[in-house]
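Q: heads up, no residue letters with this:
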């Protein structure tokens, strides 16, 4: 095997993050900003506590947001690809 | 044919700019194994924006990105095998984009892998008021219209950065000698 | 919903412990700054936590984490790009020649890789840290396989040239 590639594997071998990294990430995630799961759980509670009209709006808003994210993902993927390709050509 | 249809029109009044060209892709739809439609006009975009989490860096970027836009209309198709759709199937779209108000700003063709990406701008004077994207792969076709003013660089940089990139762990290819 | 994680085997804590070195190292080798790499790695896992419900299998999680780590590292690199960067030509050659296997060689290689432009730098990290094949790198970076191979070839040639000036090369290698 090529000596330089061997050395590169050695140089770029994975390193552990600082001590306590996993603990900090797990702890912060548990308290962190609402994720989609919390949105769903919160929406479920709202249906019971607030009433049908408000809950429907909440649910509709969340659904619409998901559709927006999907639309942007579908639109941005080809743009991102082209950006990389054009950058490669110009380098 | 398995169809996954997501439309967001029914309960909301139609306000703001409709799509800037007809996304009439019946020929493509008929051949597809799966398709996704997302049609969001101004009022639905406003509703969605209210539910974006400003503390989430990705969603904050999205909120900024959609500030100037009035509608997003997407049709996306998957096919079981390559060679199912043809360039002729996209002619109803391209014919509309050949109008004087549209200018093609990007055209990339991938001869080795197949597929292409075209980006068109709709202009009113010197101002961009819309974008059309036609992205194809041998087994995928995506057509997008974004009505309004959008930062294309920001849109490109958003690509794959939020949500879950559809990354399936690929079969590990044979090691090269 | 809450049982999905258990059913798919995608427990967040386990994923953090299993993949923290990968995610942190991608950021570290790309950005060459431990504190920033730690911040980027944290952001990647926070993003995983928010999107965990969409992860289908542990293997999917691994590929997802790698891809997001790559993207966030590149983003952070661009944010910092206004600061003066060390060019490849400016990386100081060591006063004494380095022998293969010398820890200084690893450090020198890391510095040299960090001076590569964004795309080839990440290609090198994914190739030599993660041992990915060009096709896998192409998928992670959404670039053509031919471009990946070209980046690898050119980057290796540049590194060889730089190292040869110090006598570190095939002629100086006895291992």
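A: Received, thanks. Values in this document were obtained by computation on a predicted structure and should not be read as measured data. Numbers count the residues shown, from 1 in each chain, chains lettered A, B, ... in the order given.
Q: please, where are all the helices along chain C?
A: Remark: helices assigned in chain C by DSSP state H are C:4-8, C:12-31, C:34-51, C:58-79, C:103-114, C:118-128, C:134-141, C:145-164.
Q: the fourth one to helix C:12-31, inter-axis angle?
A: Between the direction of helix C:58-79 and that of helix C:12-31, the angle (axes from the mean of the first three to the mean of the last three CA atoms, to 10 degrees) works out to 40 degrees.
Q: so which elements touch helix C:58-79?
A: If contacts are counted by 3 or more CB pairs under 8 Å, 6 or more residues apart in numbering or on different chains; DSSP states H and E, helix C:58-79 sits against helix C:12-31, helix C:34-51, helix C:118-128, helix C:134-141. C-betas here are computed from N, CA, C, even on glycine.
Q: okay, these in TSV with mean pLDDT and distance to residue C:159 next?
A: Converted to TSV, the helices and strands packed on helix C:58-79 look like this (pLDDT from 0 to 100; distance: least, CB to CB, whole Å):
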stretch	mean pLDDT	distance to residue C:159
helix C:12-31	95	14
helix C:34-51	92	22
helix C:118-128	95	9
helix C:134-141	91	17
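Q: can you lay out the ones you listed as JSON lines showing mean neighbour count and distance to residue A:3?
A: JSON lines is the format used below for the helices and strands packed on helix C:58-79 (neighbours: other CB atoms under 10 Å in any protein chain shown; distance: least, CB to CB, whole Å):
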{"stretch": "helix C:12-31", "mean neighbour count": "22", "distance to residue A:3": "20"}
{"stretch": "helix C:34-51", "mean neighbour count": "21", "distance to residue A:3": "28"}
{"stretch": "helix C:118-128", "mean neighbour count": "23", "distance to residue A:3": "13"}
{"stretch": "helix C:134-141", "mean neighbour count": "21", "distance to residue A:3": "21"}
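Q: could you dump those into CSV and include distance to chain A?
A: Formatted as CSV, the helices and strands packed on helix C:58-79 follow (distance: least, CB to the nearest CB, whole Å):
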stretch, distance to chain A
helix C:12-31, 4
helix C:34-51, 4
helix C:118-128, 4
helix C:134-141, 7
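Q: and of those, who's closest to residue B:96?
A: Closest approach to residue B:96 among those is made by helix C:134-141 (33.4 Å; CB to CB).
Q: next, the angle from the closest one to helix C:145-164.
A: Using the same axes, to 10 degrees: helix C:134-141 against helix C:145-164 is 100 degrees.
Q: helix C:134-141 and chain B in contact?
A: Yes - using CB under 8 Å from any CB of the partner chain, we find that helix C:134-141 touches chain B at C:134-136, C:139-140.
Q: and the helices and strands packed on helix C:58-79 as a markdown table, adding distance to residue B:141?
A: What follows is these, written out as a markdown table (distance: least, CB to CB, whole Å):
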| stretch | distance to residue B:141 |
| --- | --- |
| helix C:12-31 | 33 |
| helix C:34-51 | 26 |
| helix C:118-128 | 27 |
| helix C:134-141 | 20 |
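Q: re the thing from before, so which of the helices of chain C gets nearest residue A:67?
A: Closest to residue A:67 of the helices of chain C, according to CB to CB: helix C:34-51, at 16.2 Å.
Q: hmm, who's touching the closest one?
A: A:17-18, A:21, A:24-25, A:28-29, A:32-33, A:35-36, B:56-58, B:163-164, C:12, C:15-16, C:20, C:23-25, C:27-28, C:31, C:55, C:61, C:64-65, C:68-69, C:72-73, C:76, C:80 (CB atoms under 8 Å, 6 or more residues apart in numbering or on different chains).
Q: 6 Å instead, please
A: Contacts to helix C:34-51, defined as CB atoms under 6 Å, 6 or more residues apart in numbering or on different chains, come from residues A:17, A:25, A:29, A:32, A:35, B:164, C:12, C:16, C:23-24, C:27-28, C:31, C:68-69, C:72-73, C:76.
Q: just the angle for the longest helix belonging to chain A relative to helix C:118-128, thanks.
A: As assigned by DSSP H, the longest helix anywhere in chain A is helix A:52-90. With the same axes, to 10 degrees as the basis, helix A:52-90 and helix C:118-128 are set at 100 degrees to each other.
Q: report the contact partners of the residue of chain B found nearest chain A.
A: Chain A sits closest to residue B:159 of chain B, with a gap of 2.5 Å, by CB to the nearest CB. If you count contacts by CB under 6 Å, 6+ apart, residue B:159 has them with A:76-77, A:79-80.
Q: list just the nearest of the residues of helix C:134-141 next to chain B to residue B:18.
A: The closest of the residues of helix C:134-141 next to chain B to residue B:18 turns out to be residue C:139 (CB to CB; 36.6 Å).
Q: and the closest one, how far from residue A:70?
A: Residue C:139 sits 21 Å away from residue A:70, going by CB to CB, to the nearest Å.
Q: could you do residue C:14 as well?
A: 28 Å.
Q: over to residue A:78?
A: The gap separating residue A:78 from residue A:70 is 15 Å, by CB to CB.
Q: and the two? Which one has more around it.
A: Ranked by neighbour count (other CB atoms under 10 Å in any protein chain shown), residue A:78 and residue A:70 place residue A:78 first, with 28 against 18.
Q: let's verify the closest residue to that one other than its chain neighbours: helix, strand, or coil?
A: Leaving aside its chain neighbours, residue A:78 sits nearest to residue B:135 (3.4 Å; criterion: CB to CB, 6 or more residues apart in numbering or on different chains). Taking DSSP: H, G, I helix; E, B strand; the rest coil as the rule, one finds residue B:135 in the strand state.
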